[in-house]
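Peer 1: have a look; sequence and predicted model below, questions after that.
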Amino acid sequence: MTVNPLRKHWRLNPDIDFLNHGSFGATPSIVLEKQRQWIDQLEYDPIEFLAPERTLLPKLDHVRQVIGELVSCNPADIAFVRNATEGVNAVLRSFPFAPGDEVLVTNHGYNACNNAVHFAASRCGATMQVAEIPFPIQSADQVAQAIERYLTDKTRLLLIDHVTSPTGLVFPVNDIIKIAHRRNVRVIVDGAHAPGMVPVDLRQINADYYTANHHKWLCAPKTSGFLYVAPQWQPEVRPTTISHGANTESYGKSRFLAEFNWIGTYDPTPILSVPTAIDFLNRLGPGGITELCLANRSLVLAGREKLLNALEIESPAPPAMIGSLASIPIATQDRRAFSDATTLQRRLYDEYRIEVPVFKLNDQLHCLRISAQAYNVIEQYERLAIALRNELK
Ligand SMILES: Cc1ncc(COP(=O)(O)O)c(C=O)c1O
């Protein structure tokens, strides 16, 4: 059995073909060791380490600088959050909706974030609209065109994913944002998967809000992400937890940062370990993260090809829309996949020792989504292809 020599850097179970980096990421040992050092420092002198008026803020500002460089924006426009769900919630719960307003999401959106839209909008008398984007899909233009069709005079906010969860598609966010801004619609980008998978240049993207996880494709410890807010909206955006920062200016260089820097006692060590994670990924090969992204993309495309051949189905999306995730459609009427108590995902894990997610896109279609990360090898997708042939053909 071929094992990727880079897998030694991760603590993944060697008996499992782990093809689901996308859900929660996986953190290399060296990053966990760095986090352990941060925890030890914290517990050695808790007040000195954790109190914002003592030494926490410069440590957070250093990470802010690193992230600002990675995603090309002014670090002062970046707040830390525990995860992308929290970032989306902060924006939505702060948004000045009026009765009759519309928020547009897509049918490829992440359920938790669409729930947040529904909650925040409906309590203000606003409504959530869903733009239907096809899958299978032939080109990125179809995404922008579909979204444009759903924008109305009442649309105030658009939530789009940079990389979609069930379908693993890279959306043309720059084009979509231009279309929305022409109609005075603000845009929040859910970039949960983007950093570490595709280039993220916030100056070019020009979103009003952009949130992302560090714990997915940047391989940081879990519960670490950021929320970018364009300067003109920062006075409006409040964290979901209101704490001391609301009236303690010294907690940050702006009220925006002061509030997000302290949301009550929390563990900052996942955030503080992000620079180590980025450094690790950059050292995996001579081309750094850029080369890693290209390698992951090649591997996921090769893996997808194996699955498409085994199941004799057409490519559901052009390679131009693929990053390090790829989904293949599975018809819901395939009873072997969905009828019994044991669903396809569970069977693949129990019977074949393969971890790979299956998502419901709609009543007719489920998507099986593969991930490719530095520790994977093509043989793992070949084993999945054989398993799927057994289960579905
Ligand atoms: C597009 C998208 N948004 C948001 C999330 C939520 O991430 P978290 O649970 O870390 O907030 C995910 C997780 O997979 C996702 O795929």
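Peer 2: Structure's in. What do you need?
Peer 1: ok, now which ones touch H215?
Peer 2: Contact analysis of H215 by CB atoms under 8 Å, 6 or more residues apart in numbering lists F24, G25, T27, N83, P221, K222, T223, S224, G225, P270. The C-beta positions use only the backbone N, C-alpha and C, and glycine is treated the same way.
Peer 1: same check on S371?
Peer 2: Counting by CB under 8 Å, 6+ apart, S371 makes contact with L19, N20, H21, G22, V300, S324, L325.
Peer 1: dump those into a markdown table; add distance to the ligand, pLDDT and secondary structure as well.
Peer 2: Output for the contacts of S371, formatted as a markdown table (distance: CB to the nearest ligand atom, whole Å; pLDDT from 0 to 100; DSSP: H, G, I helix; E, B strand; the rest coil):
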| residue | distance to the ligand | pLDDT | secondary structure |
| --- | --- | --- | --- |
| L19 | 15 | 98 | coil |
| N20 | 10 | 98 | coil |
| H21 | 11 | 98 | helix |
| G22 | 6 | 98 | helix |
| V300 | 15 | 98 | helix |
| S324 | 12 | 98 | coil |
| L325 | 9 | 98 | strand |
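Peer 1: save the contacts of H215 as CSV, and put in pLDDT too.
Peer 2: Listed next are the contacts of H215 as CSV, based on pLDDT from 0 to 100:
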residue, pLDDT
F24, 98
G25, 98
T27, 98
N83, 98
P221, 98
K222, 98
T223, 98
S224, 98
G225, 98
P270, 98
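Peer 1: so which of the residues you listed belong to strands?
Peer 2: Of the contacts of H215, the ones assigned to strands by DSSP state E are G225.
Peer 1: ok, of the contacts of H215, which come out buried?
Peer 2: The neighbour count (16 or more other CB atoms under 10 Å) marks G25, T27, N83, P221, T223, S224, G225, P270 as buried among the contacts of H215.
Peer 1: can you put those residues in a markdown table and add distance to W38?
Peer 2: Formatted as a markdown table, the buried ones among the contacts of H215 follow (distance: CB to CB, whole Å):
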| residue | distance to W38 |
| --- | --- |
| G25 | 18 |
| T27 | 13 |
| N83 | 19 |
| P221 | 9 |
| T223 | 13 |
| S224 | 12 |
| G225 | 17 |
| P270 | 9 |
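Peer 1: which of those sits closest to the ligand?
Peer 2: When the buried ones among the contacts of H215 are compared for distance to the ligand (CB to the nearest ligand atom), N83 wins out at 3.1 Å.
Peer 1: the contacts of H215 also near the ligand: which ones?
Peer 2: Counting by CB under 6 Å from any ligand atom, N83 from these sit close to the ligand.
Peer 1: so can I have JSON lines of the contacts of H215 showing distance to A207?
Peer 2: Formatted as JSON lines, those follow (distance: CB to CB, whole Å):
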{"residue": "F24", "distance to A207": "24"}
{"residue": "G25", "distance to A207": "23"}
{"residue": "T27", "distance to A207": "27"}
{"residue": "N83", "distance to A207": "18"}
{"residue": "P221", "distance to A207": "26"}
{"residue": "K222", "distance to A207": "25"}
{"residue": "T223", "distance to A207": "23"}
{"residue": "S224", "distance to A207": "20"}
{"residue": "G225", "distance to A207": "15"}
{"residue": "P270", "distance to A207": "24"}
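Peer 1: go through the contacts of H215 and say which is closest to G109.
Peer 2: Among the contacts of H215, N83 lies closest to G109 (CB to CB), at 15.7 Å.
Peer 1: who's in contact with that closest one?
Peer 2: By CB under 8 Å, 6+ apart, the neighbours of N83 are A192, N213, H215, T223, S224, G225.
Peer 1: phi, psi of L218?
Peer 2: Main-chain dihedrals, L218, degrees, to the nearest 10: phi -90, psi 0.
Peer 1: any idea of the pLDDT on it?
Peer 2: You'll see L218 listed with a pLDDT of 98.
Peer 1: quick one: contacts for D17?
Peer 2: Contacts of D17 were listed using CB under 8 Å, 6+ apart, and they are Y352, R353, I354, E355, V356, Q380, R383, L384.
Peer 1: what of S324?
Peer 2: By CB under 8 Å, 6+ apart, the neighbours of S324 are H21, G22, H193, M197, W217, C293, N296, R297, V300, S371, A372, Q373.
Peer 1: once you drop chain neighbours, what's closest to it?
Peer 2: Computed as CB to CB, 6 or more residues apart in numbering, the closest residue to S324 that is not its neighbour in sequence is N296, at 4.0 Å.
Peer 1: quick one: that neighbour is in a helix?
Peer 2: Yes - when DSSP: H, G, I helix; E, B strand; the rest coil is applied, N296 is found to be in a helix.
Peer 1: can you put the contacts of S324 in a markdown table and add distance to S165?
Peer 2: Below are the contacts of S324 laid out as a markdown table (distance: CB to CB, whole Å):
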| residue | distance to S165 |
| --- | --- |
| H21 | 13 |
| G22 | 8 |
| H193 | 7 |
| M197 | 12 |
| W217 | 13 |
| C293 | 18 |
| N296 | 17 |
| R297 | 18 |
| V300 | 15 |
| S371 | 11 |
| A372 | 16 |
| Q373 | 16 |
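Peer 1: what is the neighbour count of T276?
Peer 2: Neighbour count of T276, defined by other CB atoms under 10 Å: 22.
Peer 1: also R353?
Peer 2: 14.
Peer 1: with R346 instead?
Peer 2: As a burial measure, R346 scores 12 neighbours (other CB under 10 Å).
Peer 1: buried residues, the helix or strand where it lies. List them.
Peer 2: Element membership for R346, per DSSP states H and E: helix 344-352. Buried residues in helix 344-352, counted by 16+ other CB under 10 Å: L344, Q345, R347, L348, Y349, Y352.
Peer 1: verify the stated contact: the fifth one with E355.
Peer 2: What that stands for is Y349. Yes - judged on CB atoms under 8 Å, Y349 makes contact with E355 at a distance of 5.8 Å.
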